[in-house]
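Enquirer: predicted model, plus sequence, below.
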Amino acid sequence: MLALIRALPLVFFPVAPAVAPLPPTIVAVSEIQGDEHPPPLDPKEVAQATRELRTLFEEKEPAELAAALQSAPRLPHEDVIAVWVKEGLAHERADVRRASIEALGTIAHPDALSALHTYKKRHKKELEKDPEQLVTLLKAIALHGSESSIDLLVDGIFTSRNREVTQARILALGKIRSPKAVEAIFSAMRKIDRRKVQPRMKEIRLALLVLTHVDRGTRQESWVAWWNENKKNLRVPEEEPRLAKEDAVLWARFWGEPRPYQRQKRRTRRGRDGEGDQS
């Protein structure tokens, strides 16, 4: 048996770079993209997580529940997801629903994304009246990085009266690393008066830059010309590009991530003080 094990080929799995801990809304974003078949979990661990989550919903005071849910179990298993959906998305308090939406955005399981899609479709009218909740939902959906979300994200992209909702739809498409996301952006641009598109070109440029690694500035005409030349053979790189400082700050601020240049400055300072890694 030992000889057989030694004869097996080694398989290496990519390791995420070490970064500062991220807020619950964007933890493990890179890991959940395209992960449609998560590995099996220990049934005992699933049962314990399900019990803990149910206990939170049953015993915590409503005013404390949303905060408590920030550290609640988020195992990628249908039983755990079912509790988040039944108890969280249906809760009477908006802050609890929002915390539940954020949690489902970080659970690497197709049931989590399906629940978010269903919630968006069933509560369309209510969400239009609650921009903050809608923005949270759009971000959570986008974090799964699925092509199946494109139609939901692009729907009404330039017709919303709320600036934050429009921004969220555009930048959320930037998380879907597929040529179809790029095509959806240009298709939406063609269907609306350019005078309504141009004021949003800062966000459009950033989303397209993140997707394509190409920068054509904030002139709509420049991007349309580029699209006409490249749409037939477009390839979207697997990884997001390294962004310039201003773009990195805007992108990080939207997703709630630590600013890269701030982390670098802190590491450099620790190195000078003899407290950090000086290699």
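Expert: Nice, I can see it. Residues are numbered from 1 along each chain as shown.

Enquirer: can we go C-alpha only for contacts and neighbour counts from here?
Expert: Noted.

Enquirer: and stretch 170-179, end to end?
Expert: This stretch, stretch 170-179, spans 15 Å end to end (Cα to Cα, to the nearest Å).

Enquirer: ah, wrong one, I meant stretch 172-183
Expert: Its start and end residues considered, stretch 172-183 measures 14 Å (Cα to Cα).

Enquirer: mind listing what's buried in that stretch?
Expert: 172, 173, 174, 175, 176, 177, 178, 179, 180, 181, 182 (16 or more other Cα atoms under 10 Å).

Enquirer: ok, residues contacting that stretch?
Expert: By Cα atoms under 8 Å, 6 or more residues apart in numbering, the residues outside stretch 172-183 that reach it are 138-139, 142-143, 145-147, 150, 153-154, 185, 206-208, 210-211, 231, 234-238.

Enquirer: and the buried residues of stretch 172-183 as CSV, adding distance to residue 66?
Expert: Shown next, in CSV, are these (distance: Cα to Cα, whole Å):
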residue, distance to residue 66
172, 24
173, 28
174, 28
175, 26
176, 28
177, 31
178, 34
179, 37
180, 35
181, 33
182, 35
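
Enquirer: about what we covered before: next step: the contacts of stretch 172-183 restricted to helices.
Expert: The members of the contacts of stretch 172-183 that map onto helices under DSSP state H are 138, 139, 142, 150, 153, 154, 185, 206, 207, 208, 210, 211.

Enquirer: and whatever helix or strand residue 180 lives in, average pLDDT?
Expert: Per DSSP states H and E, residue 180 falls inside helix 179-190. In this model, helix 179-190 carries a mean pLDDT of 97.

Enquirer: do the same with stretch 209-226
Expert: The average pLDDT for stretch 209-226 rounds to 97.

Enquirer: in that stretch, what's buried?
Expert: For stretch 209-226, by 16+ other Cα under 10 Å, it's 209, 210, 211, 212, 213, 216, 218, 220, 223.

Enquirer: you'd agree the third one is up against residue 240?
Expert: Yes. Shown here, residue 211 and residue 240 form a contact pair, counting by Cα atoms under 8 Å, at 6.8 Å.

Enquirer: by residue count, which helix of this structure is the longest?
Expert: For the chain, the helix that runs over the most residues, judged by DSSP H, is helix 43-59.

Enquirer: run the chain-centre distance for that one.
Expert: A distance of 25 Å separates the C-alpha centroid of helix 43-59 from that of its chain, computed with Cα atoms, centre = their mean, to the nearest Å.

Enquirer: what's it packed up against?
Expert: helix 62-69, helix 78-83 (3 or more Cα pairs under 8 Å, 6 or more residues apart in numbering; DSSP states H and E).

Enquirer: the ones you listed: lowest mean pLDDT?
Expert: In terms of mean pLDDT, the lowest-scoring of those is helix 62-69 (a mean of 93).

Enquirer: could you list the buried residues of that helix?
Expert: 62, 65, 66, 68, 69.

Enquirer: list the buried ones in the longest helix of the chain?
Expert: Those would be 46, 49, 50, 53, 54, 56, 57, for helix 43-59 by 16+ other Cα under 10 Å.
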